[in-house]
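requesting a structural model of the entry that follows:
(2 chains)
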Amino acid sequence: MTSKLPPEFERVVLENHASLRFFIRSLGVLPGWVDDIAQESFLLLLKKWDHLERHDELDSWLRSAARNLVRNELRIRSRRPRLLNTYLTSLVLDQSTLAPDPATYTMGLENQSILRRCLAALTGRTRCIVEQHYFEDRNSTEIAKQLQMKASTVRRTLLKAREALAACISREESNPSEA
Amino acid sequence: MSPSASDDLLGTILDGPASPEDEARFQDRLGSDPVFRAQAVRQLRIDALVASLKPESSHGTFARRVLEQAEALSREDENSFLHTVRHKVRARRARRSLLMGTAALAAALAAAIFFRPAALSPAESRAPVVAALTFFDGDTAASPPRFLADRETINLTRGRAKLTFSSGCVIALQAPATVEILDDMTVRLQKGRLNGFCPPSAHGFRVMTPEASLVDLGTSFGVSLIGGEESEFVVFDGEVRVENETRKTVLRNGHSLRLKGNQGPTEVPFEGAPYKPTWLLAEGIVATSGAVIPVDPDTPEGIAGQRDDFHVLISPENHHVSLDRPLQADLREPGTFTAGPWEATTSLPLSPTEVSQKLSSFLLHARVQRVVQSKTDHVHYQGSVTFAEPVVAVIASQNFLKECDELFATGPWKQIKLPINNRGLEGNLGAPPDRVTLSPDRLTLTIDLHTGYGIDELRVLTRSPTQLP
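Below you'll find the predicted structure:
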């Protein structure tokens, strides 16, 4: 059966879904809800497809749609558990300087080798905790139990690891020849 | 609040669980302490970045789910669209909430929901295209693509083949080879050798062999079965993870690993040459002729260091590049570009609004090693290169080349010892001007260069292989 989707729609999904999910998570959406909001954004795009005059800046359109969907999450009290913290999300949404910028998407998705190098530079135990948390979906309590640590120590390690990664990325971006 | 208490509070909010009191204290700090606020936003950003690296995040599966949902919705009555979207999303969330309480069954139930064909009736269901298969016999043109929508085993007995997956990954095979396609993110190599190139959309792509699995982490790689009892994994760019039942090993570019039976991995010297036919196809080069020859498979640094004083070398550069600035080109349509003045005065604009697709870049590089006697002393190079994807633009004038190096180049330009300003094509003293011709099908580029002092270079931009029906 022939697809009824616009011919370009699949390409748009394939090219943009990773950066869109990164953007949504950067707004403070809890990990379990990021994909739902990303999916809603794409479906809204499909709905508006024929009304859009241009199809060449859809990444920006998708981010705007996602931003509005997250605003809805803020407005509807019952949905607020889908956000890490409503005040933090409000801040990021309302202050343009706090929102992730396009350069960050580029860094995040097309130059991930920098981040991987920075991850590799973490100490073994810290890297282990980061990998368990992000790649194996374990929370701080589960990791603490396995490594026989306090949950608060795991959370502090994750916090310091993210600070170290931010500093490392900044260093590598400003001085790529040393990468 | 002390710094450590401040860190504890932020850690509790980000990595939980946080109590209502924690939330209230956090909100107070955000409102009153700009340094704390900046730290929180920075933490959020890095949290999202690290999460985007997750190899098993099923990027391809997510895209497929969106497309299936979109396909179903596009067939429904337009007025019911939004209602249906909201209903389905609510229903899925409700199911997810139920599943959270039954951890032991979560994986199985989630998979059942995940792969259920939503509200489609049998007549409406459509198997999504997993990959497009194209055959290349010798240096002739490619066969028309055959679209695969289900598990299939490809047994290649002659020539080469290219599989372009809906996840964006490209796999190239050379006969004799057998590969089983399991889905758009997984293949099983049963015989022979393959090369893969995976864009960010296909991170997590997996190649299984009898001994181990390779998981792509953003890379160009090769996999080979040797004598039916040994698997070899080679990384040309980026990195992969090689894993068997007992061990996971991250393998970075310029490294090679072999596994035999149940034995542990053994690092072996990096050797790219055996992968050349499939590496070129995965990178987007189908054939070359005459004075044009491809570089040998290597890391980007290794490629930049390759020299040939008797041929024009063509090397792949960056792939899946989005044009983020206007550029100037010398050739945009089938036909011939004839080089003129030292620096081009007329150009064909290449704007991001016009070129919305992702681009792959290739560099042709000619030089003369022997002592050049005079300004009329040239070496005449004639040849051609055929690409797997249509050419979008040719950039040959040196002032235009400089403008796009940052976007497309992978090699460190400082390694070139010759005058860097003498790069592009130009008119020649005592010889016809340099010429480049693009074929009507946009796939073959023919060059006619006279190279004397310095070097001659041109950059070719093709479409990146991401589009499937």
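
strand partners (parallel or antiparallel) of the helix or strand residue B:132 falls within?
In the assignment (DSSP states H and E), residue B:132 maps to strand B:131-136. When pairing is defined by DSSP bridges, strand B:131-136 lines up against strand B:146-148 (antiparallel), strand B:160-165 (antiparallel).

the helix or strand following the first one packs against which elements?
I take that to be strand B:146-148. Remark: after strand B:146-148, the chain's next helix or strand is strand B:152-156, criterion DSSP H and E. For strand B:152-156, the elements it packs on are strand B:170-183, judged by 3 or more C-beta pairs under 8 Å, 6 or more residues apart in numbering or on different chains; DSSP states H and E. Bear in mind the C-beta positions are built from the backbone N, C-alpha and C, glycine included.

buried residues in the strand it packs on, which are they?
B:170-175, B:177-179, B:181, B:183 (16 or more other C-beta atoms under 10 Å in any protein chain shown).

swap in stretch A:83-99?
Applying 16+ other C-beta under 10 Å to stretch A:83-99 flags A:83-93, A:98-99 as buried.

and the pLDDT for residue B:361?
pLDDT recorded at residue B:361 is 93.

just the strands paired with strand B:131-136: most buried one?
strand B:160-165 (a mean of 24; mean count of other C-beta atoms under 10 Å in any protein chain shown).

please save the CA atoms from that one in PDB.
Extracted C-alpha coordinates of strand B:160-165, given in PDB (Å, rounded to 0.1, in the frame of the first residue of the first chain):
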ATOM      1  CA  ARG B 160      29.300  -5.500  -4.300                       C
ATOM      2  CA  ALA B 161      26.100  -4.500  -2.600                       C
ATOM      3  CA  LYS B 162      25.000  -1.600  -0.500                       C
ATOM      4  CA  LEU B 163      22.300  -1.600   2.100                       C
ATOM      5  CA  THR B 164      20.900   1.700   3.100                       C
ATOM      6  CA  PHE B 165      18.900   1.300   6.300                       C
END
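
so where do the helices sit in chain A?
A:9-26, A:31-48, A:58-75, A:86-94, A:102-110, A:112-120, A:124-135, A:140-147, A:151-174 (DSSP state H).

quick one: closest of those to residue B:391.
Closest to residue B:391 of those, according to C-beta to C-beta: helix A:9-26, at 18.8 Å.

and that closest one, what's its mean pLDDT?
On average, helix A:9-26 scores 86.

can you name the residue of chain B nearest chain A?
Relative to chain A, the nearest point of chain B is residue B:11 (3.5 Å; C-beta to the nearest C-beta).

excluding covalently adjacent residues, which one is nearest to that residue?
Distances taken as C-beta to C-beta, 6 or more residues apart in numbering or on different chains place residue A:155 nearest to residue B:11, at 3.5 Å, with adjacent residues excluded.

check contacts around that neighbour.
A:140, B:8, B:11-12, B:14-15 (C-beta atoms under 8 Å, 6 or more residues apart in numbering or on different chains).

again, but for residue B:462
B:284, B:359-362, B:387-392.

okay, now residue A:116: neighbour count?
17 (other C-beta atoms under 10 Å in any protein chain shown).

OK, contacts around it?
Contacts of residue A:116 (C-beta under 8 Å, 6+ apart): B:53, B:217-218, B:239.

mind checking how far it is from residue A:129?
Distance, residue A:116 to residue A:129, by C-beta to C-beta, to the nearest Å: 17 Å.

residue B:432 too?
65 Å.

who has more neighbours, those two?
Legend: neighbour count by other C-beta under 10 Å for residue B:432 and residue A:129, higher for residue A:129 (25 against 14).

quick one: the strand holding residue B:132 to chain centroid distance?
Mean C-alpha position of strand B:131-136 versus that of the full chain (C-alpha atoms, centre = their mean, to the nearest Å) differs by 17 Å.

follow-up on the earlier one: hey, least reliable of the strands paired with strand B:131-136 by pLDDT?
Among the strands paired with strand B:131-136, strand B:146-148 scores lowest, with a mean of 86.

and chain B, what are its domains?
Domain ranges of chain B: B:3-52, B:131-276, B:284-463, per automatic domain parsing.

do the same with chain A
Split by automatic domain parsing, chain A gives A:1-97, A:111-179.

which one of those lies nearest to residue B:368?
domain A:111-179 (29.6 Å).

pick out the residue nearest the middle of chain A.
residue A:22 (2.4 Å; C-alpha atoms, centre = their mean).

pretty sure that one contacts residue B:48?
Yes: the criterion here is C-beta atoms under 8 Å, and residue A:22 meets it with residue B:48 at 5.1 Å.

what's the distance between the closest residue to residue A:40 other than its chain neighbours and chain B?
Excluding its sequence neighbours, the residue lying closest to residue A:40 (C-beta to C-beta, 6+ apart) is residue A:69, at 5.6 Å. Applying C-beta to the nearest C-beta, to the nearest Å, the value for residue A:69 to chain B is 10 Å.

check contacts around residue A:69.
A:37, A:40-41, A:44.

one more: residue A:168?
When contacts are counted by C-beta under 8 Å, 6+ apart, residue A:168 is found next to A:117-118, A:121.

which residue ranges form the strands in the stretch 151-300 of chain B?
For the stretch 151-300 of chain B, the strands defined by DSSP state E, counting those that start in this stretch occupy B:152-156, B:160-165, B:170-183, B:186-198, B:206-208, B:213-226, B:230-243, B:248-252, B:255-260, B:266-268, B:285-290, B:292-294.

need those in CSV with distance to residue B:25, can you?
Shown next, in CSV, are these (distance: least, C-beta to C-beta, whole Å):
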stretch, distance to residue B:25
strand B:152-156, 57
strand B:160-165, 48
strand B:170-183, 47
strand B:186-198, 44
strand B:206-208, 44
strand B:213-226, 39
strand B:230-243, 40
strand B:248-252, 40
strand B:255-260, 48
strand B:266-268, 51
strand B:285-290, 59
strand B:292-294, 62
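
in contact with residue B:230, which residues?
Contacts of residue B:230 (C-beta under 8 Å, 6+ apart): B:211, B:258-260.

what stretches of chain A score poorly on pLDDT?
A:1-2, A:53-56, A:75-81, A:95-111, A:176-179 (pLDDT under 70).

quick check: the residue of it nearest chain B.
residue A:155 (3.5 Å).

now chain B, which segments are flagged as low pLDDT?
Low-confidence segments of chain B (pLDDT under 70): B:1, B:55-60, B:75-127, B:138-141, B:341-345, B:369-377, B:411-422, B:427-430, B:453-454, B:466-469.

who touches stretch B:233-243?
A:113, A:116, B:55, B:212-224, B:248-259, B:265, B:270-272, B:275, B:279, B:297-300.

quick check on those residues: which are buried?
A:113, A:116, B:55, B:212-224, B:249-259, B:265, B:270, B:272, B:275, B:279, B:297-300.
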